[in-house]
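> pasting the sequence and the predicted model now:
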Amino acid sequence: MRQRLSSEPDRYRGRRRVPTPPRSRYAAVVTTAFVGAGIVALGAGAMPDAKDVSSSVLDDLKQASATSQDAAARADNADRASRDSRSKNATEPDVWLLPLQGYDFNSPYGVRWGKMHTGVDLVAPEGTPYVSVHDGLVTKAGWYGGYGQAVIVRHADGSEAIYGHSSALSVKEGQQVKAGDQLGLVGYTGHSYGTHLHLEIHVKGQPIDPVPFLQDRGVDIKLQVETIYNEVPAS
């Protein structure tokens, strides 16, 4: 190598040379790269390939998932039906009521003066409002022979209630009524011996004694006692 003369300019003066990293640093970098690659390769090898899983195991897992989903759906449907049923019972109870308040129970069902009396008479002042004992459809509202001004309401169970001798009517034929809706006013029209409401109950077109019929539905018409809810909804 030629020795640089002191008179020759130094071409490297003012420049900085980047120090060469020690061999140990190169070794650490290379080693880390190889180790990282090995871990990745090892992790990939540890994960099972879908093709390596038994088809019967996959079928069992699918069946278990379907069964679980089906059971959850059935439970949800049952819970919804239960809630709907409780809601319906709470908002639409089977209500039966007295036809009016403050009356004298007179002339029960049975033979009277040698003739069959097919209802009960509830004596009250003329003009006293009376109401429907149960929900139903008004099939008659007007003059009805010996009943005078009368209202007939057909209930959902097929039974009918006849309200006779009214002085005035508050409903029309074809009208839907609820238990407690006013039907008319007490009077003495038709074949009546005095001011009263004549009440009849017909089942399958035949008159029956209203007293036990209404008692079975929570209404004691003789004692003027009523139980609004035939069945108390479950809480």
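Received, thanks.
> dump the residue contacts of the residue lying closest to residue 145 once chain neighbours are set aside.
The shortest distance from residue 145 to any non-neighbouring residue, by C-beta to C-beta, 6 or more residues apart in numbering, is to residue 190 (7.0 Å). No exception for glycine: its C-beta is placed from N, CA and C like everyone else's. Contact analysis of residue 190 by C-beta atoms under 8 Å, 6 or more residues apart in numbering lists 144-150, 164-165.
> following the top strand by length along the chain, which helix or strand shows up next?
Determined from DSSP state E, the single longest strand within the chain is strand 160-169. Sequence order places strand 176-177 as the next helix or strand after strand 160-169, per DSSP states H and E.
> element containing the residue nearest to residue 145, please.
Per DSSP H and E, there is no helix or strand for residue 190.
> now do the one 10 residues further on
Using DSSP H and E, the secondary-structure element containing residue 200 is strand 196-203.
> tell me which other helices or strands that strand touches.
strand 120-123, strand 160-169, strand 206-208, helix 210-215 (3 or more C-beta pairs under 8 Å, 6 or more residues apart in numbering; DSSP states H and E).
> got the buried residues for the third one?
Taking 16 or more other C-beta atoms under 10 Å as the basis for neighbour counts, the residues of strand 206-208 that come out buried are 207-208.
> for the second one, same thing?
Residues of strand 160-169 classed as buried under the neighbour-count rule (16+ other C-beta under 10 Å) are 160-167, 169.
> and the angle for that strand with strand 196-203?
Here the directions of strand 160-169 and strand 196-203 differ by 150 degrees (axes from the mean of the first three to the mean of the last three C-alpha atoms, to 10 degrees).
> direction included, what does strand 160-169 pair up with?
Strand pairing for strand 160-169, using DSSP bridges, gives strand 149-154 (antiparallel), strand 182-186 (antiparallel), strand 196-203 (antiparallel).
> which one of the ones you listed lies nearest to residue 99?
Judged by C-beta to C-beta, the one of the strands paired with strand 160-169 that comes nearest to residue 99 is strand 196-203, at 5.8 Å.
> can you list the strands paired with strand 160-169 in CSV and add mean neighbour count and distance to residue 140?
Shown next, in CSV, are the strands paired with strand 160-169 (neighbours: other C-beta atoms under 10 Å; distance: least, C-beta to C-beta, whole Å):
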stretch, mean neighbour count, distance to residue 140
strand 149-154, 22, 4
strand 182-186, 22, 11
strand 196-203, 21, 12
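> now these in CSV, with distance to residue 227 and mean pLDDT?
Converted to CSV, the strands paired with strand 160-169 look like this (distance: least, C-beta to C-beta, whole Å; pLDDT from 0 to 100):
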stretch, distance to residue 227, mean pLDDT
strand 149-154, 20, 98
strand 182-186, 21, 98
strand 196-203, 17, 98
